[in-house]
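K.L.:
what follows is a predicted protein model with its sequence.
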Amino acid sequence: MQVKITRRRAIVGAAGVVGAAALGVGAPYVVSRLRKPHNIIVIVADAMRGDVLFKAVNGREITPHINTLAREGVLFTNAFSAAPSTKSSVASMLSGMYPPGHGIEYHYLTLPDCMTLQKYLLGRGYRTVAVVANPYLAPEVGPDGKHRAGDFGFSSAFDVYALLGFGKQDEESALRKTEGREAYSDGGQINELFLRVFDKVSRRRFFHSTRPVFAYLHYMDSHQPWIKTAGVKGITGIFHEDGPGTIEDVYKRDEELIARIFSDGFSKESLTGGDISRLKAIYHESCAYVDGCIGELIEGLKARGIYDNTTVIFTSDHGEEMMEHGCIGHGQNLYNTALHVPLVVKTPRWQPRQVAARVSNAGLLPTVTEFFGDELGNTNLCSLAPNAAGPALDHADIFASWLGRDKVIVGDGREAMDDKDSRLYFNISSDPAELAPLPEDAAAIETLKKIRLQSARFAKDAGVVRRWSTSQWQNPWAEDQDRAAAELVAEKKITLREAAYRKSIGDFLPETAQKALAAHGQDVKINESALTPEEHRKLKALGYIN
């Protein structure tokens, strides 16, 4: 197992309440004496659709452990992500900004220097821990090539940040590489590492009192290619319609289908109705697997006597398309099958209930700041608390964006999708599957534009600047940036160290990149010929290239 861990030494100030100044960009981290300190854990199951919870197939619930968590907390049945892609969606969850605000509307950008959930809670005296298995959340690198550069990137403001890499695992862990398909680190490994880190940091004393822990856990077991090794005990075959046959027989047919879908030259037109049913069964079993991992995590929290006084937030970064609109996977469109996600908040502050009002899971940061009586400015996202506290309010306006495409769902269910050269309109109140396009809706488009402009303006007012990723496989211009730096060093205009640092914070923008970024709405294609075989496999496994 490959693990990257980045540690941060918190800057300690006088104990006290975090005020408005501490919510600004680059504010100092102030340790507070909390009246009722409690742990906060955000759990993300990658690519889990919102309609999976409480769904039963063949008389069996797909997610029984998550369903139990939902009964103990507030379940938002109409929650949506801010993007159908991990990097942008997670950035919105952590920053409380829509994509036009934090700027990650393409893979080559990264989380900028801004207020985030982990930065806020670090300032509130929390120890911050993250264990993630999605490579798009990799730490950014600095001048020494090892540590993150500056105060940006997903690892920023975490005391401990662990990225579990790809790797061939033993059969017990139910993971492997096969025919070029990457296997992600197992959810059980996330549990094991997190609980080990939690036990270590929670024993440390600060001002003679135990500091609470904020944790961000990102599971990949429900992400494509969805399939585990043959014979996952109690899971393989339970949602299939195969009829008689051994687990090995079921798995062999599953593997043949997945291999075909991820093979070069695959045509979606070749899929039969039976293939799609099988694909859904495989996906449901992957969701059942991550559900089991989350059940194990909850048992670990209960065994430590901390579950009841811990806020547990469960959600997903995006949904998953299963040919409802001609696509498999995610990141390809803005239909609700790719945006509708589960959202559960189990907290001692709220009574259990279900909320049907539409909300965005990008509202986590304003929700948590409200727990402490602080108000997050510079955002058009609202706290979830009003809907959780009493009778459901009206639906919020929901916004999502990715690769130059925008979408809005206004309060009464009218939708507008602005996809560069074309626009689509629906009303999900009468057409929840988004299959019957409607005539132009000028008011919905105006709402869409308003939210985009507001998001960008709020970010600008807060001093948020877009940042370029230092990851060479995510940033197609990393090599151009290297060349630009080398030329300036050769001309003795800057030192080698300065060049390395300026490059790491995205200060070198080659002309091609500047034009692409300025021309909003222009899709940026990955240059596949420049990728190494390993980079190509990673991108293909993530569904971003064919």
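P.N.:
Done, it's in.

K.L.:
hang on, Ser95 packs against Cys114?
P.N.:
Yes - if you go by CB atoms under 8 Å, Ser95 and Cys114 touch, sitting 5.3 Å apart. Where you see a C-beta, it was placed from the backbone N, CA and C, and this is true even at glycine.

K.L.:
what is in contact with these two at once?
P.N.:
Shared contacts of Ser95 and Cys114 (CB atoms under 8 Å, 6 or more residues apart in numbering): His102.

K.L.:
mind listing the strands for the stretch 201-350 of the chain?
P.N.:
Listed in chain order, the strands of the stretch 201-350 of the chain (DSSP state E, counting those that start in this stretch) span 205-206, 209-210, 213-219, 310-315, 321-322, 328-329, 340-341, 343-346.

K.L.:
nope, the stretch 51-200 of the chain is what I meant
P.N.:
56-57, 60-61, 74-76, 79-80, 109-110, 127-132, 160-164.

K.L.:
got the contact list for the longest one?
P.N.:
Same thing as strand 127-132. Contacting residues not belonging to strand 127-132 are listed as 8, 118, 121-122, 154-155, 157-164, 190, 193-194, 197-198, 201-202, 204, 211-218 [CB under 8 Å, 6+ apart].

K.L.:
listing partners with orientation, what would you give for it?
P.N.:
Strand pairing for strand 127-132, determined by DSSP bridges: strand 160-164 (parallel), strand 213-219 (parallel).

K.L.:
the fourth one now?
P.N.:
For strand 79-80, the paired strands and their directions (DSSP bridges) read strand 340-341 (antiparallel), strand 359-360 (parallel).

K.L.:
so what secondary structure elements neighbour the lengthiest helix in the chain?
P.N.:
Scanning the chain for the helix with the most residues, using DSSP state H, yields helix 273-303. Judged by 3 or more CB pairs under 8 Å, 6 or more residues apart in numbering; DSSP states H and E, the packing partners of helix 273-303 are strand 39-45, helix 64-72, helix 187-203, strand 213-219, helix 247-261, strand 310-315, strand 321-322.

K.L.:
how about those, which one is nearest Trp473?
P.N.:
When the helices and strands packed on helix 273-303 are compared by CB to CB, strand 213-219 sits nearest Trp473, at 18.6 Å.

K.L.:
from the helices and strands packed on helix 273-303, which stretch is densest packed?
P.N.:
strand 213-219 (a mean of 26; mean count of other CB atoms under 10 Å).

K.L.:
Phe426 belongs to a strand?
P.N.:
Yes - Phe426: assigned to a strand according to DSSP: H, G, I helix; E, B strand; the rest coil.

K.L.:
okay, and the beta partners of it?
P.N.:
Glu415.

K.L.:
am I right that it is in contact with Leu438?
P.N.:
Yes - Phe426 is within contact range of Leu438, at 6.1 Å (criterion: CB under 8 Å).

K.L.:
pick out whichever of these two has more residues nearby.
P.N.:
Set Phe426 next to Leu438 and count neighbours by other CB atoms under 10 Å: Phe426 wins out with 25 against 15.

K.L.:
check contacts around the more buried one.
P.N.:
With contacts taken as CB under 8 Å, 6+ apart, Phe426 has the following neighbours: Arg414, Glu415, Met417, Glu434, Ala436, Pro437, Leu438.

K.L.:
so which of those residues are in strands?
P.N.:
In this view, the contacts of Phe426 that belong to strands under DSSP state E are Arg414, Glu415, Met417.

K.L.:
between those, which is nearest Ser89?
P.N.:
Met417 (17.1 Å).

K.L.:
which segments of this protein make up each domain?
P.N.:
Per automatic domain parsing, the structural domains of the chain span 3-17+37-461, 471-542.

K.L.:
okay if I get those domains as CSV plus mean pLDDT?
P.N.:
As requested, the domains of the chain are exported to CSV (pLDDT from 0 to 100):
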stretch, mean pLDDT
domain 3-17+37-461, 85
domain 471-542, 61
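
K.L.:
so of those, which one's packed in deepest?
P.N.:
domain 3-17+37-461 (a mean of 20).

K.L.:
surely Met154 touches Leu137?
P.N.:
Check again: residue 154 is Phe, not Met. Yes - using CB under 8 Å, Phe154 is in contact with Leu137, at 4.6 Å.

K.L.:
any residues in contact with both of the two?
P.N.:
Val90.

K.L.:
and stretch 74-85, end to end?
P.N.:
Terminal residues of stretch 74-85 lie 25 Å apart, using CA to CA, to the nearest Å.

K.L.:
oh, and call the first residue 33 from now on, that's how I've got it
P.N.:
Yes, from this point I'll number from 33; that puts the last item at stretch 106-117.

K.L.:
re earlier: so which of the strands of the stretch 83-232 of the chain comes closest to His255?
P.N.:
Comparing the strands of the stretch 83-232 of the chain by CB to CB, strand 159-164 comes nearest, at 12.0 Å.

K.L.:
tell me where the stretch 383-532 of the chain has helices.
P.N.:
For the stretch 383-532 of the chain, the helices defined by DSSP state H, counting those that start in this stretch occupy 396-403, 417-421, 474-493, 510-522, 528-536.

K.L.:
could you dump the ones you listed into TSV with distance to Trp434 added?
P.N.:
Listed next are the helices of the stretch 383-532 of the chain as TSV, based on distance: least, CB to CB, whole Å:
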stretch	distance to Trp434
helix 396-403	19
helix 417-421	26
helix 474-493	13
helix 510-522	21
helix 528-536	25
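
K.L.:
can you lay out the helices and strands packed on helix 305-335 as CSV showing distance to Asn368?
P.N.:
As requested, the helices and strands packed on helix 305-335 are exported to CSV (distance: least, CB to CB, whole Å):
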stretch, distance to Asn368
strand 71-77, 18
helix 96-104, 20
helix 219-235, 26
strand 245-251, 22
helix 279-293, 22
strand 342-347, 15
strand 353-354, 10
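
K.L.:
the ones you listed: which one's closest to Tyr315?
P.N.:
strand 353-354 (6.7 Å).

K.L.:
so in that sheet, which strands flank that closest one, and in what orientation?
P.N.:
According to DSSP bridges, strand 353-354 forms sheet pairs with strand 360-361 (antiparallel).

K.L.:
who touches the partner strand?
P.N.:
Taking CB under 8 Å, 6+ apart as the rule, strand 360-361 contacts Ala79, Gln256, Ile293, Lys300, Leu311, Glu352, Glu353, Met354, Gly575.
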